[in-house]
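# Take a look and give me a structure for this.
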Amino acid sequence: MASDDAPPARPARDPEATRRDILDAATAEFAEHGLSGARIDAIAARTRTTVRMIYYYFGSKEGLYRAAIERAYGAMRAAERELGLDALTPEGAVQRLVEFVFDYHEANQGFNRLVTIENIHRAEHLSRSSTIAAANATVIETLSAILARGQADGVFRVDADAVSVHLLITAFPFFRVSNRHTLGLLFGRDPLDEGLRADQRRMCVEAVLGYLRAGAGA
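Numbering: from 1, shown residues only. Here you go, the predicted structure:
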């Protein structure tokens, strides 16, 4: 029988919780300092784990960085799947998707910075991922289905390409976050100023729908 004075047993380590904690800390560290500037010991210090444990789970600093980006993209794709776009009209689905993308980039600026960093690396690390392409194909499949419905109804132009429309949807929401500081300095106005937000959000919706409606049924 254990003594009343014995120290309490340590709780069993939860591998999934540990992995999530490490990825949370790594996402913040990589977004703040980039791949080259981020330090594994700083990531360990943000969590209740060790450098050795981080390498046990992810193999290397690059492996951890790749896992952080994969999870960041996966989180956005998972959120998109919860939008219920199939239940909306084609125009309503496009509006909902544009509004979601606008809101998501503003609310998840660490994701925006990770994408910028990986572009600096010319997608070198994502190119080694075995899951990223399949995970991100879902948004194009979803958008293709919305465009096909709109084209069948005669409300969307027949030459609309899903990948190009995706770029159009993403461009302004991404740019206003990624270039916030340079734009604010050059033009004396913070692109993320709350007073501008509603007009900018509406402008994005109107720009995408305006393009899709142009020449509809031609």
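# Quick one: mean pLDDT for stretch 168-182?
The pLDDT scores in stretch 168-182 average 97.
# residue boundaries of the helices in the chain?
With DSSP state H as the criterion, the chain has helices at 15-37, 40-45, 51-58, 61-81, 90-107, 109-120, 132-152, 162-178, 180-187, 194-213.
# residues touching Phe175, list them.
Counting by C-beta atoms under 8 Å, 6 or more residues apart in numbering, Phe175 makes contact with nothing. For glycine as for every other residue, the C-beta is placed from the backbone atoms N, C-alpha and C.
# any idea how far it is from Leu186?
Going from Phe175 to Leu186 by C-beta to C-beta, to the nearest Å gives 13 Å.
# The residue nearest to Arg46 when sequence neighbours are not counted - how many residues pack around it?
Counting by C-beta to C-beta, 6 or more residues apart in numbering, Arg46 lies nearest to Ala25, which is 3.6 Å off, once chain neighbours are set aside. Neighbours of Ala25 under the rule other C-beta atoms under 10 Å: 20.
# Any buried residues in stretch 23-41, and which?
23, 25-31, 34-35, 38, 40 (16 or more other C-beta atoms under 10 Å).
# Now do it: distance to the chain's middle.
Chain-centre distance of stretch 23-41: 16 Å, with C-alpha atoms, centre = their mean, to the nearest Å.
# Low-confidence ranges, the protein, go.
Counting by pLDDT under 70, the chain has low-confidence residues at 1-13, 217-218.
# Spell out which residues make up each domain of it.
14-59, 63-213 (automatic domain parsing).
# quick one: the residue nearest to Arg46 and Asn112, what's the gap?
Distance of Ala25 to Asn112, given as C-beta to C-beta: 18 Å.
# do Phe156 as well
Taken as C-beta to C-beta, the span from Phe156 to Asn112 is 28 Å.
# Same question for Glu29.
In terms of C-beta to C-beta, Glu29 sits 16 Å off from Asn112.
# same deal with Arg180?
Where Asn112 is concerned, Arg180 sits at a distance of 9 Å (C-beta to C-beta).
# Have a look at those two and say which one is more surrounded.
Asn112 (21 against 17).
# ok, and the closest non-adjacent residue to that one?
With sequence-adjacent residues excluded and distances taken as C-beta to C-beta, 6+ apart, Asn112 is closest to Val177, at 4.6 Å.
# How about Ile146?
Ile146 sits nearest to Ala93 (C-beta to C-beta, 6+ apart), 4.7 Å away.
# Isn't the one you found up against Phe100?
No. Between Ala93 and Phe100 there is no contact under C-beta atoms under 8 Å: 10.5 Å.
# More neighbours: which of those two?
Between Ala93 and Phe100, counting by other C-beta under 10 Å, Ala93 is the more crowded of the two (22 against 18).
# I'd guessed Leu147 sits against Val165; true?
Yes. Judged on C-beta under 8 Å, Leu147 makes contact with Val165 at a distance of 6.8 Å.
# Spit out the residues that contact those two alike.
By C-beta under 8 Å, 6+ apart, the residues touching both Leu147 and Val165 are Leu212.
# Compute the distance between the residue lying closest to Leu88 once chain neighbours are set aside and Ile169, please.
Setting aside the residues directly before and after it, Leu88 is nearest to Arg96 in space (C-beta to C-beta, 6+ apart), at 6.0 Å. Using C-beta to C-beta, Arg96 is found at 11 Å from Ile169.
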